[in-house]
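J.: Could you look at this predicted model? Sequence included:
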Amino acid sequence: MIIVDCEASGLHPESYPIQIAWLNVDTEECGSFYIRPHETWTYWDYNAEEVHNIPMQLLLDVGLDVYSAAQRFLDVLYEHGPVIISDAPEFELFWLERLLDTANVAHDIELDVNYVYDIARSRSHARRMGEIMRGQKRSHDALDDCRSILAAIRGARDEEE
């Protein structure tokens, strides 16, 4: 099971992923990469840039092309298993599908992103995870956000035991 977080060019229907990070819940193995926008990806929200602090120039300088980014993400899924959790699955799924569709990479994984609360042991565990996450100050760096989600999962679990 891996936690996945994406940063994007905005929240508009034409937005696209600019950073993807993952963290294995059991081993804490993790990774992150930036994505250079595809030529068909033109939407850019400067308010979103202010939140995630990822300028377009950084993407142009160090971002992977969409094919390489999609392949790297699929490699992660093949290695760590296809179970993905997130605190915003509808957004993560939207951007991951946008990446895979644009890259047009062949794969046999059915992409499914689950709410982090779905792994809770009980209602009180889920409620406590939510409280912890609402109290966290997020950097909006995708990997840091994955680590914050894991901290909430573990914090709620430890309090329950």
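T.: Looks like it came in fine.

J.: List the buried residues in the longest helix seen in the chain.
T.: The residue-count maximum for a helix in the chain (DSSP state H) belongs to helix 142-160. Counting neighbours by 16 or more other C-beta atoms under 10 Å, one finds that the buried residues in helix 142-160 are A142, L143, D145, C146, R147, S148, I149, L150, A152, I153, G155, A156. To be clear about C-beta, it is placed using only N, CA and C from the backbone, and glycine gets the same treatment.

J.: quick one, what contacts the first one?
T.: Read that as A142. In this structure, A142 makes contact with D5, C6, E7, Q19, I20, A21, S32, judged by C-beta atoms under 8 Å, 6 or more residues apart in numbering.

J.: Closest to Q57 out of those residues?
T.: When the contacts of A142 are compared for distance to Q57, the smallest value, 14.2 Å, is given by Q19; criterion: C-beta to C-beta.

J.: That closest one sits in which helix or strand?
T.: Here Q19, judged by DSSP states H and E, is contained in strand 17-24.

J.: So what's the gap between that strand and the chain middle?
T.: Between the centre of strand 17-24 and the centre of its chain there are 4 Å (C-alpha atoms, centre = their mean, to the nearest Å).

J.: the helices in this protein, which residues?
T.: Using DSSP H, helices in the chain cover 46-52, 56-62, 66-80, 89-103, 123-135, 142-160.

J.: Would you format the ones you listed as TSV with mean pLDDT and distance to T40 included?
T.: TSV is the format used below for the helices of the chain (pLDDT from 0 to 100; distance: least, C-beta to C-beta, whole Å):
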stretch	mean pLDDT	distance to T40
helix 46-52	95	19
helix 56-62	98	15
helix 66-80	96	9
helix 89-103	96	7
helix 123-135	90	34
helix 142-160	91	22
